[in-house]
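A.B. asks: Return atomic coordinates for the entry below.
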Amino acid sequence: MKKIECYIRETDAQAVVDALAKTGISGVTIYPVQGFGRQRSKGKGTLMPKMKLEIFTLDIEMDYVLGTILEVTRKGRFGDGKIAILPVDDVIRIRTGEKGAKAVF
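C.D. replies: The predicted structure is shown next:
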């Protein structure tokens, strides 16, 4: 299992969520964040508004999920965002005690 963390433009957030929902992805966490990278405002370090998405996915679905995110967000401009892929050792559903994929899907 993997955890995908995306930092994307605010204007792309709903389109990504909608596209993922159409593919059958069962859960996305999204929240507003601020930061800067290469697009910072003329070297001033001005914080830019972004949205952070967190998605748990099975290894076999990862390329499909990434493709969907890239299709919606890639504009070829600074500020399009970043995607991090993190390994997940285990997940536990608090309510039932289920572990692993059963706890997520």
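
A.B. asks: what's the neighbour count on the closest residue to Asp90 other than its chain neighbours?
C.D. replies: Of all residues not flanking Asp90 in the chain, Lys99 sits nearest, at 5.9 Å (C-beta to C-beta, 6 or more residues apart in numbering). C-betas here are computed from N, CA, C, even on glycine. Neighbour count of Lys99, defined by other C-beta atoms under 10 Å: 12.

A.B. asks: CA-only coordinates of the longest helix anywhere in the chain in CSV, if you can.
C.D. replies: Secondary structure assigned by DSSP state H gives helix 62-73 as the longest helix of the chain. Provided in CSV are the C-alpha atoms of helix 62-73 (Å, rounded to 0.1, in the frame of the first residue of the first chain):
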residue,chain,number,x,y,z
MET,A,62,-1.0,3.6,-7.9
ASP,A,63,-0.1,4.3,-11.5
TYR,A,64,-3.8,4.8,-12.4
VAL,A,65,-4.3,7.2,-9.5
LEU,A,66,-1.1,9.2,-10.4
GLY,A,67,-2.2,9.3,-14.0
THR,A,68,-5.6,10.7,-13.1
ILE,A,69,-4.0,13.4,-10.9
LEU,A,70,-1.4,14.4,-13.5
GLU,A,71,-4.0,14.5,-16.3
VAL,A,72,-6.0,17.1,-14.4
THR,A,73,-3.2,19.2,-12.8
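
A.B. asks: my guess is Gly100 meets Met1, correct?
C.D. replies: Yes. With contacts counted by C-beta atoms under 8 Å, Gly100 reaches Met1, the gap being 7.2 Å.

A.B. asks: more crowded one of those two?
C.D. replies: Using other C-beta under 10 Å, the more surrounded residue of Gly100 and Met1 is Met1, with 19 against 14.

A.B. asks: ok so, going back, any chance you could list residues touching both of Gly100 and Met1?
C.D. replies: Counting by C-beta atoms under 8 Å, 6 or more residues apart in numbering, the residues touching both Gly100 and Met1 are Val91.

A.B. asks: Averaged pLDDT, stretch 29-36. What do you get?
C.D. replies: For stretch 29-36, mean pLDDT is 92.

A.B. asks: Please spell out which residues along stretch 44-56 are buried.
C.D. replies: For stretch 44-56, burial by neighbour count (16 or more other C-beta atoms under 10 Å) applies to 48, 50-53, 55-56.

A.B. asks: Alright, that wraps it up for me.
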